[in-house]
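Trainee: Show me how the following folds:
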Amino acid sequence: MLKQRIIIYSKDIQQLTGKSDRASRTLLQKIRIKIGKGKTQAITIQEFCEYLGLSEEKVIQLLT
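Mentor: Numbering: from 1, shown residues only. As a prediction, this is how the structure comes out:
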């Protein structure tokens, strides 16, 4: 059975979008605010994809 992550980090966003570290952290914060999560709560790959309108399968493929 292949283990699959569900959390996305700013480094992942940098890799996917080419944004800087600061811009990636800002994007994560915007997503947290939009979906009503607190500062310490993690953002899932699914939530990230829904926010940006990306294919979850494609993002997971690029992160592995």
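
Trainee: And stretch 11-26, what's buried?
Mentor: Using 16 or more other C-beta atoms under 10 Å as the burial criterion, the residues of stretch 11-26 that qualify are D12, I13, Q14, L16, S24. Heads up, the C-betas are built off the backbone N, CA and C, glycines and all.

Trainee: Now do that stretch, average pLDDT.
Mentor: In this model, stretch 11-26 carries a mean pLDDT of 95.

Trainee: Going by neighbour count, list what's buried in stretch 33-43.
Mentor: Those would be K37, I43, for stretch 33-43 by 16+ other C-beta under 10 Å.

Trainee: Check the buried residues of stretch 11-26 and tell me the two furthest apart.
Mentor: Across these, the longest distance by C-beta to C-beta is 9.0 Å; it joins L16 and S24.

Trainee: Make JSON lines out of the buried residues of stretch 11-26 and add secondary structure and distance to I33.
Mentor: JSON lines is the format used below for the buried residues of stretch 11-26 (DSSP: H, G, I helix; E, B strand; the rest coil; distance: C-beta to C-beta, whole Å):
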{"residue": "D12", "secondary structure": "helix", "distance to I33": "19"}
{"residue": "I13", "secondary structure": "helix", "distance to I33": "16"}
{"residue": "Q14", "secondary structure": "helix", "distance to I33": "20"}
{"residue": "L16", "secondary structure": "helix", "distance to I33": "20"}
{"residue": "S24", "secondary structure": "helix", "distance to I33": "15"}
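
Trainee: Closest one of these to V59?
Mentor: Of all those, V59 sits closest to L16, with 6.6 Å by C-beta to C-beta.

Trainee: The closest one: what's it in contact with?
Mentor: Applying C-beta atoms under 8 Å, 6 or more residues apart in numbering, we find L16 in contact with V59, L62, L63.

Trainee: which of the residues in the strand or helix carrying the second one are buried?
Mentor: Secondary structure assigned from DSSP states H and E places L62 in helix 56-63. Under the neighbour-count criterion of 16+ other C-beta under 10 Å, helix 56-63 has V59, I60 buried.
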